[in-house]
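Colleague: Structure of the sequence below:
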Amino acid sequence: MHIVILTLTFSLPGCSSLKEKRQRMGGLHARFGNTPSVAVCESGARDRHDASEWTFVIVGLSKREVESQCSQIEEKLERTVDARLMNVEREFV
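Modeller: Model prediction:
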């Protein structure tokens, strides 16, 4: 069993309210939380409207499998979220 903690930090330039932030970052739970091997939560900058931090915990049978899922999550977020990806951290447990 392999576990990775993937933390992504986003900048939301021009975002002026927490409501707008939810709209721009919305749907992450729905998109990724339904996958049995992935848990997701907003883990930082919760009260800031110009930044957001999300953490994903990914479980798989092989290191290659969890690395592949991390890459897929990063790529999908870069394409679908109206924010700039500022930092990515992967921590293998």
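Colleague: Assign the residue positioned nearest the centre of the chain to helix, strand or coil.
Modeller: The chain has Trp54 as the residue nearest its centroid, 4.3 Å off, counting by Cα atoms, centre = their mean. State at Trp54, reduced to three classes by DSSP: H, G, I helix; E, B strand; the rest coil: strand.
Colleague: Identify the residue spatially nearest to it, adjacent ones excluded.
Modeller: In this structure, Trp54 finds its nearest non-sequential neighbour in Leu8, 5.2 Å apart by Cβ to Cβ, 6 or more residues apart in numbering. All C-beta atoms are positioned from the backbone trio N, CA, C, and that covers glycine.
Colleague: so how far is Gln72 from the closest residue in space to Glu53 that isn't next to it in sequence?
Modeller: Distances taken as Cβ to Cβ, 6+ apart put Gly44 closest to Glu53, at 3.2 Å, once the chain neighbours are dropped. To Gln72, Gly44 is 22 Å away according to Cβ to Cβ, to the nearest Å.
Colleague: How about Glu65?
Modeller: Computed with Cβ to Cβ, the distance linking Glu65 and Gln72 is 11 Å.
Colleague: can you check Gly60 too?
Modeller: Gly60 is 12 Å from Gln72, by Cβ to Cβ.
Colleague: Same drill for those two, tell me which one is more crowded.
Modeller: Gly60 (18 against 12; other Cβ atoms under 10 Å).
Colleague: wait, what's in contact with that one?
Modeller: Going by Cβ atoms under 8 Å, 6 or more residues apart in numbering, Gly60 touches 1-2, 37, 66, 69.
Colleague: Could you report the separation of it from Phe92?
Modeller: 11 Å.
Colleague: Please consider this matter closed, and thank you.
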